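S.K.: have a look at this prediction, sequence included:
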Amino acid sequence: MNLFIYDQTFEGLLTAIFDAFEMKINPDRMVSTKSFQDDLFATKYEVITDTDKFDKLWNIIKDKSSEQNCQRIFKAYLSELPGIEMMIYNYVKLIVETDDNIELDFSQDAVLKINNIQKKLGRESHRVIMFARFQKTVDNIFYASFDPKYNVIPLTVNHFKRRFIDQKWIVFDTRRKYGFYYDLQQVREITIGKNKINFETGKVDQDILHVSEKLFQKLWKNYYDSINIKERKNLKVHMQFLPKRFWKYLPEKDYQNNFSKRAIIK
C-alpha cells in the first residue's frame, strides 16, 4: 500500500498529489500528519510542501478547467471529511488526464462527489455569515464565535472584511480553536486562550465587554421576544432555517435555552 503523508495544509496536499504524478505512483491513501497512524505494511512517502509544485499543479487545474473549479477543490479540502484527500486526488487526476474540461461532467463519480461536498461547504459558510452575532469589547474589537460543521471560517473572511472594513473584528472557530483578526489594515490568523472567552457559549467575559454591548444585547432580546408569535411557533421549520448548533451563540436564544434547561431540571 502506498501511503502519502502531508503537513495538513492545502499546499501540502497538492504537493503530495504532484509528487504522486511525478513518481507515477498511484496512492492508496493520503493522510495529514495529524491523522496519520503508522502502518507497518505500507510504503510511506513523507511529502515536503513545495510552493513551486503547488503553483504548477494549481495553474494546470486552472488552465484545464477554471478559477471557480479551483475554489471547488479548496472548499472540498476544508470539509475535513474522512478520505477527502483521495477524493481530491481522483478529481485532480481526472482533470489532468482528460483533454476536455470535465468540471461539469456529472456522469463522472469524482466530479459529482466534489460538487456535492463543495455545495455543503457553501451552505455552511452562508449560515455562518447569516448568524454572526458580534460582541463589542472594551477595546472596541467586535468578536464573534462559531462552531461550524465544516472548516468554513476562511470562506467568510472576505465578506466580513468588505462588510466591516472600518471596524476591528475577530471571527473565531471554537471547534478548531483558531480564527481571524482584522486590525483595519490586514487580516491575520490567530488563536485565543480560554481565559477571556468561553468556548462553550462563545461569550466574552463580562469584565472586557463594552458597556454599550450589555445594553444592546438586552434590547435585542426584547425586540426578538416582541416579534415572536408564540401561537405560530413551528420548531421543525425553525430548525431547518436556523440549525440548533448555532443557537448557543445567539443572544436572542439565551432566554429560551435557560428556560429549557430549567424546565428539564424541574
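M.R.: Received the coordinates, thanks. All values reported here derive from a predicted model rather than from experimental measurement.
S.K.: OK, contacts around residue 92?
M.R.: Applying C-beta atoms under 8 Å, 6 or more residues apart in numbering, one finds that residue 92 lies in contact with 14, 17, 57, 61, 73. For glycine as for every other residue, the C-beta is placed from the backbone atoms N, C-alpha and C.
S.K.: for the stretch 151-266 of the chain, just list every one of the helices.
M.R.: 153-163, 211-227, 235-241, 254-265 (DSSP state H, counting those that start in this stretch).
S.K.: of the ones you listed, which shows the lowest average pLDDT?
M.R.: Comparing mean pLDDT across these, the weakest is helix 254-265, with a mean of 44.
S.K.: this structure: strands as residue ranges?
M.R.: Under the criterion DSSP state E, strands of the chain are mapped to 2-6, 29-32, 43-46, 135-136, 141-146, 168-173, 178-182, 187-190.
S.K.: any chance of those strands in a markdown table, with distance to residue 202, mean neighbour count and mean pLDDT too?
M.R.: Converted to a markdown table, these look like this (distance: least, C-beta to C-beta, whole Å; neighbours: other C-beta atoms under 10 Å; pLDDT from 0 to 100):
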| stretch | distance to residue 202 | mean neighbour count | mean pLDDT |
| --- | --- | --- | --- |
| strand 2-6 | 32 | 21 | 95 |
| strand 29-32 | 27 | 19 | 94 |
| strand 43-46 | 38 | 14 | 94 |
| strand 135-136 | 8 | 22 | 92 |
| strand 141-146 | 3 | 22 | 93 |
| strand 168-173 | 8 | 21 | 96 |
| strand 178-182 | 11 | 19 | 96 |
| strand 187-190 | 16 | 12 | 96 |
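S.K.: export these to TSV and tack on distance to residue 129?
M.R.: Formatted as TSV, the strands of the chain follow (distance: least, C-beta to C-beta, whole Å):
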stretch	distance to residue 129
strand 2-6	30
strand 29-32	27
strand 43-46	38
strand 135-136	17
strand 141-146	10
strand 168-173	10
strand 178-182	14
strand 187-190	15
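S.K.: nearest to residue 110, of those strands?
M.R.: Proximity to residue 110 (C-beta to C-beta) singles out strand 29-32 among the strands of the chain, at 14.4 Å.
S.K.: how far away is residue 35 from residue 84?
M.R.: Going from residue 35 to residue 84 by C-beta to C-beta, to the nearest Å gives 11 Å.
S.K.: give me the more crowded residue out of these two.
M.R.: Just comparing residue 35 and residue 84: by other C-beta atoms under 10 Å the higher neighbour count belongs to residue 84, 18 against 11.
S.K.: hmm, back to that, hmm, which of the contacts of residue 92 are the buried ones?
M.R.: Buried residues within these, defined by neighbour count using 16 or more other C-beta atoms under 10 Å: 14, 17, 57, 61, 73.
S.K.: pLDDT score assigned to the nearest residue to the third one once chain neighbours are set aside?
M.R.: Nearest residue to residue 57, sequence neighbours excluded (C-beta to C-beta, 6 or more residues apart in numbering): residue 18, at 4.7 Å. The per-residue pLDDT reported for residue 18 equals 98.
S.K.: of all the strands of the chain, which one is nearest residue 88?
M.R.: When the strands of the chain are compared by C-beta to C-beta, strand 29-32 sits nearest residue 88, at 8.3 Å.
S.K.: rewinding a little: minimum distance to residue 222: which of the strands of the chain has it?
M.R.: strand 135-136 (17.4 Å).
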